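1. Pasted the sequence and its predicted model underneath.
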Amino acid sequence: MSSHENDAWFSREIEKLGPILFRVAFAILRNRTDCEDAAQNAVLKAYRNLGSLKQRRYFKTWLIQILKNECFDMLKHRRPTLNVDEQGALSYEMAVPDMDLNRAFDRLSPEERLTITLYYYEGYDTRQIAQLTEVSEGTVRSRLSRGRASLRSSLQEKEAAQ
Amino acid sequence: MKKKDFDNRLQNDLFPEMPASFESGLKKAMEQAGVRSGKRPTATGVFAGAISLLAAAACLVIVMIGVMGGGRSDKSNAAAPGEATSTPQMAQPTPGEWKGDTKVIALSESFDFENREKYEALYQGILHYLQNKGETEPRELWLCAIKSRYVAADTGDRADGYLSGYYVLVQHSFGPDEGPELYCLSEDFEVLWATEGSSPGPNHAVNPEKDNYTGTYQGHFLYGMAPAYAHVTRGALVGTNPKEKTDIEFSMATSLTQVQERLEGSAHLNLAREYFLMTVPASSWDSVMENPILRFETEEGLVDVDMEKELPTVGTVRNIERPQLTPIAEAQGVEYWLSQNQPLIRDFTDDWYGEAAVEQYAEAVRRALLVSGEHIQDELWICGVSSDAENTDGTPPDSAYVLALNVGDGEPSPELFYYENGRILWMTQGADTERINVVYHNGNTVVLGKSPAFDGEPLPMSYGKIVLKDGGSDQVAPVLALDEIRERITGGPHYYSARECFLWTDGAEHEVSRLTIAARIDGSDREYTLDQVNVLDPQPVPAMAVRSDGVVYPGKVTHLAHARGENGLAADGAPLTETLRGTAFEEIKIVRNRDRALPWEILTASDDVTADRVEVYSENLERLYTNAEIGIIDELPAGRYYLCFHTTVVGPYSEKIGKYTYRTDYTIYKAVLN
C-alpha cells in the first residue's frame, strides 16, 4: 500500500471510529475538553506508531487501547476539569440524554465505566475487554456486575426520592 | 425498575451525540500528524475503472447464476420486473448491526426486535454454533426468516403442541450456489441441528429429531427462496394425486418488498427473493410427493414449479449431539454451562463473590474431578464457598474452600475442594451424609457435614454448634440453606438428601466431638446431636493437560515417548498419543511483542489464537505457572514450553437466568520462545 493510500485508509478509519473514540474517552474522563485532548493525542500517537501495528484488523482495538492509556494517564497526571452548573451540579458541557443515568454513571470508577461502555456500546465480549484493559476476565465480569448493580441502585434511589 | 427498562436506558441514554468540536479535533490531529487528506473513493478518477470492473463482475455473477440455475424452469430464471434493469453495486445491505467482525442483518420483521435479549440470544446462538463447527466468523449473517417450533402434545395433534423453539433460515455465505440453511433452535436459542449444502431454490430436509428426545414434531421441511418473480403473495405445495389431494398452504416467511427495500443496491439483490418455509408431516409426505407441485401466486398469476422435474436440493442435516439430560427437578439455581457437553452448573452460594468466582471455582472443580477419574454428571452444584483470603482489587480470593456436589444417583453428599490459584490442590472423597466429616490440612481443621434428617424429612437448622474434644465449641451456620433449596428441588429425587450443609474451618488442629443442632419443629426448637466423626484424607489432585476440545487428561508427564512424532505419557502411564496430537502438539512460534498496546498474537499454522490466561509447562510438562497473565511469556527464558491458553467465549443469552452463558476453551501448544 502506498503512503498516500495508507493515509487515506488511516483518515477513513479515524472518521469511522470517531463516535467510538468519543464514547470511550467520555466514559473515562467525563469532560468534553479533556476527551478532545485525549483523542487528539491518541490519534497522533497512533499515526506515528502505525508501523508497529502488524495487522490492520486490530486497528480499532489498538486505537482504543492507546486512547484508554491516554485517558488514564490524563487522570493520573492531570486533574480532570469538572464543570459545575449554576446549581452546583455536574455539567458535561453538552446535552446528555439521561441526566440521572449520567450522574449515576459518574459514581462508578473509571474502569467500571470503561468496561460498561465497551460491553454495551462497542459490542466487545468480556474476553476481548479483558485483553483490551489488561485485566483478567473475572475482573471484567466483576466490574460489569458491580457497575450494573451500582447504577441500578442509584437510579432506584433517585426514583424513590421522587 | 424492570430489568428491561434498565437495560434500555443503559444501552440508549448514556452518551450524548459526538460533539462537532470532537470531530474537528480529530481532523486537526490528523493534520498535525501530517496525514494527507483521505477522501472516500468516488466513481471518478482512478476508482472509476475499479467500479466498472466490480459492476462487470457482478453482472457476470448474475449470468452465471442464470446458467447454473438450469435446474429451474425458464420462468423461474426470468428476471423480476425491475431487477433486470437494476445494476447491482457493491454497497452493503442496510440496516444491520456489527457484532464483532460480523454484520447481523435480519430480513424479516418477524424477528422480535422489541425483545432485544431474545434477538441477541438468537444470533449469538447461531454464531456460537458456527464457531463450534470451526467456521470462521462470517462477514455477514442474514437472518432470513423465523418460524415457531412446536412440540406435539401427548395427543399427537400438533394443534395441541406448545412452543419449544424456532426454525430460522440463515445465510452466511453468498456464492452463486449458496442458499440459506435451515437451523433448528431450542427455546434457549441453542442450535439443535442445521442443514448444510442448500441452494437458492427450493430445498428439502428431513427433521432428524426423534420423538423420544424432545418430542418435536417430526416431518419434512421445504424451505428456500421462491423463484425470482416479484410480489409472490402466496404459495402452496399441491399434491396431484386425485385420491389424496393435499393442498398445504404456506405463508411467505418474509416479504420481498421489505427485503428489496433493505437490500436496494446490494450485490445480493438477485438472491433476495421471497423465502418460504413449510413443514409437512411425515405421514403426509409420501402422498404429497406424488407429482408434487410448488405453486406460487404472484401478481402475474399462478406459477407452478414442478418438483419432480426440478428436484429440490436435499440439505445434509448436521445433527448436534446433545447429552440426554434427565431433569433432576425444577431447580432454579443460577445455572450455566461452562462449555458444551459440560455439566450444568448450579450456584447456591447466593452470589457470594459474584458469578465470575463461581465460574472460576466450578471449572477448577470440574477439571479436578476429571483428572481424578470421576465421572462428571449432568449437573455440578456449587453449594458453598468459604475463604479467609481477600483480594484488594475486588477479584475473587485466590484460595478458598469449595463445597461442591457432582450430582449423581443415590444419596449425594457434597465433597470439599481446596482451591488455590486457579486449580484444586486437594479434594475429599467419601464425605458422609450421616457423619461429621473432618479434614486436616496444613495445620487447619476443616469440618463439613449435613444436619440430620427425621423420618426422611429434612430438619431446618435454626442454629448449630460444633463441640471439640478439647472443650472448645463454635457456632456453625448452614452454607446450603434448605428453605431455599427445598423450593428449588421439590419433587426431585434428591429431596430427602437436601439437608442443610455446614462448613467450619479453624487455623489449628482439633479433634471434633459432636455437632449439636437445633431444629424448629412445631414452633419449638428441638436439639439433635450428631457424634459420628469421619476423618477424611485430602486427596491431592494431579497436574493436568487439557486438549483443545476442552477434555482434560492427567498431564504430569514424566518422560516423552516417540510415536507418530511427538507425544508423551501421562502421569498414570496412559499414552498421550491419541489424546494430545494434532493441534495439541502443534509447534507454534511465539512472537514476543513488548508493546503492551498491542494484543498478543499467537501465530499458528492455521488460525490466530488469542487468549487472556495461560498455564505454562516446561518441556518435560512440569507445571511452571498456573492461570498466569499472558504477559508471563515475556518473563520466560528462551526455550521450548507447553503453553495452555484459556479462552472464554460468551454463549447464548439464557432467558431463564437472565445472564449470558460462557464457554471456556483450553488449547495446549508446544511453543518455541525466541
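-> In hand now; what should we look at?

2. In contact with the residue positioned nearest the centre of chain A, which residues?
-> Ranked by distance to the mean C-alpha position of chain A (Cα atoms, centre = their mean), the top residue is A:V24 at 1.7 Å. Applying Cβ atoms under 8 Å, 6 or more residues apart in numbering or on different chains, we find A:V24 in contact with A:I64, A:L67, A:K68, A:C71, A:L114, A:T117, A:L118, A:E122. In this view, the C-beta of every residue, glycine as well, is placed from N, C-alpha and C.

3. Look through every helix and strand of chain A and give the one with the lowest mean pLDDT.
-> Lowest on mean pLDDT, DSSP states H and E among the helices and strands of chain A sits strand A:83-84, with a mean of 50.

4. Mind checking what secondary structure the residue nearest to the centre of chain A has?
-> Following DSSP: H, G, I helix; E, B strand; the rest coil, A:V24 is assigned to helix.

5. any idea how far it is from A:P97?
-> 18 Å (Cβ to Cβ, to the nearest Å).

6. Repeat that for B:E97.
-> From B:E97 to A:P97 the distance is 20 Å (Cβ to Cβ).

7. re the thing from before, which one among the contacts of A:V24 gets closest to B:Q475?
-> Closest approach to B:Q475 among the contacts of A:V24 (Cβ to Cβ): A:L114, at 43.1 Å.

8. which helices and strands sit right next to the helix or strand hosting the closest one?
-> Under the criterion of DSSP states H and E, A:L114 resides in helix A:110-120. If contacts are counted by 3 or more Cβ pairs under 8 Å, 6 or more residues apart in numbering or on different chains; DSSP states H and E, helix A:110-120 sits against helix A:3-29, helix A:59-77, helix A:126-133, helix A:137-161, helix B:3-12.

9. Please work out which of those helices is packed deepest.
-> helix A:126-133 (a mean of 22; mean count of other Cβ atoms under 10 Å in any protein chain shown).

10. Could you list every helix and strand in contact with that one?
-> helix A:59-77, helix A:110-120, helix A:137-161, strand B:639-654.

11. Next, the angle helix A:126-133 makes with the third one.
-> It stands for helix A:137-161. 100 degrees (axes from the mean of the first three to the mean of the last three Cα atoms, to 10 degrees).

12. List the buried residues of stretch B:117-137.
-> Across stretch B:117-137, burial judged by 16 or more other Cβ atoms under 10 Å in any protein chain shown covers B:117, B:119-130, B:132.

13. and it, is it in reach of chain A?
-> No - against chain A, stretch B:117-137 shows no contacts by Cβ under 8 Å from any Cβ of the partner chain, the least distance being 9.7 Å.

14. just to revisit the earlier point, switch the contacts of A:V24 over to a markdown table; also include pLDDT.
-> As requested, the contacts of A:V24 are arranged in a markdown table below (pLDDT from 0 to 100):
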| residue | pLDDT |
| --- | --- |
| A:I64 | 89 |
| A:L67 | 91 |
| A:K68 | 89 |
| A:C71 | 88 |
| A:L114 | 93 |
| A:T117 | 92 |
| A:L118 | 90 |
| A:E122 | 83 |
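
15. sorry, back to before: and the buried residues of stretch B:117-137, which is closest to B:I146?
-> Nearest to B:I146 among the buried residues of stretch B:117-137, with distances taken as Cβ to Cβ, is B:L122, at 7.9 Å.

16. From what I see, the closest one and B:L185 are in contact.
-> Yes - B:L122 is in contact with B:L185 according to Cβ atoms under 8 Å; the separation is 7.2 Å.

17. Can you check which residues contact both of the two?
-> B:Y166, B:V168.

18. Could you check the angle the strand or helix carrying B:A362 makes with helix A:137-161?
-> Element membership for B:A362 (DSSP H and E) is helix B:354-371. Orientation of helix B:354-371 against helix A:137-161 (the same axes, to 10 degrees) gives an angle of 150 degrees.

19. Export only the CA atoms of helix B:354-371, formatted as PDB.
-> The C-alpha coordinates for helix B:354-371 follow below in PDB (Å, rounded to 0.1, in the frame of the first residue of the first chain):
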ATOM      1  CA  GLY B 354     -20.300 -13.000  42.000                       C
ATOM      2  CA  GLU B 355     -20.800 -15.200  39.100                       C
ATOM      3  CA  ALA B 356     -17.200 -14.900  38.000                       C
ATOM      4  CA  ALA B 357     -15.900 -16.500  41.100                       C
ATOM      5  CA  VAL B 358     -18.400 -19.400  41.000                       C
ATOM      6  CA  GLU B 359     -17.500 -20.000  37.300                       C
ATOM      7  CA  GLN B 360     -13.800 -20.000  38.200                       C
ATOM      8  CA  TYR B 361     -14.200 -22.400  41.100                       C
ATOM      9  CA  ALA B 362     -16.700 -24.600  39.200                       C
ATOM     10  CA  GLU B 363     -14.300 -25.000  36.300                       C
ATOM     11  CA  ALA B 364     -11.500 -25.900  38.700                       C
ATOM     12  CA  VAL B 365     -13.700 -28.500  40.400                       C
ATOM     13  CA  ARG B 366     -14.800 -30.000  37.100                       C
ATOM     14  CA  ARG B 367     -11.200 -30.300  36.000                       C
ATOM     15  CA  ALA B 368     -10.200 -31.800  39.300                       C
ATOM     16  CA  LEU B 369     -12.900 -34.400  39.100                       C
ATOM     17  CA  LEU B 370     -11.900 -35.300  35.600                       C
ATOM     18  CA  VAL B 371      -8.300 -35.600  36.400                       C
END
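
20. so after that helix, what's the next helix or strand?
-> Per DSSP H and E, the helix or strand that comes after helix B:354-371 is strand B:379-386.

21. I'd like to know which elements that following strand is packed against.
-> strand B:344-347, helix B:354-371, strand B:399-407, strand B:478-480, strand B:501-506.

22. nearest to chain A, of these?
-> helix B:354-371 (3.9 Å; Cβ to the nearest Cβ).

23. Report the rounded mean pLDDT for that closest one.
-> For helix B:354-371, mean pLDDT rounds to 76.

24. Can you report phi and psi for B:F348?
-> Backbone torsions for B:F348, taken as degrees, to the nearest 10, come to phi -110, psi 20.

25. Surely it touches B:E379?
-> No - using Cβ under 8 Å, B:F348 is not in contact with B:E379; the gap is 11.5 Å.
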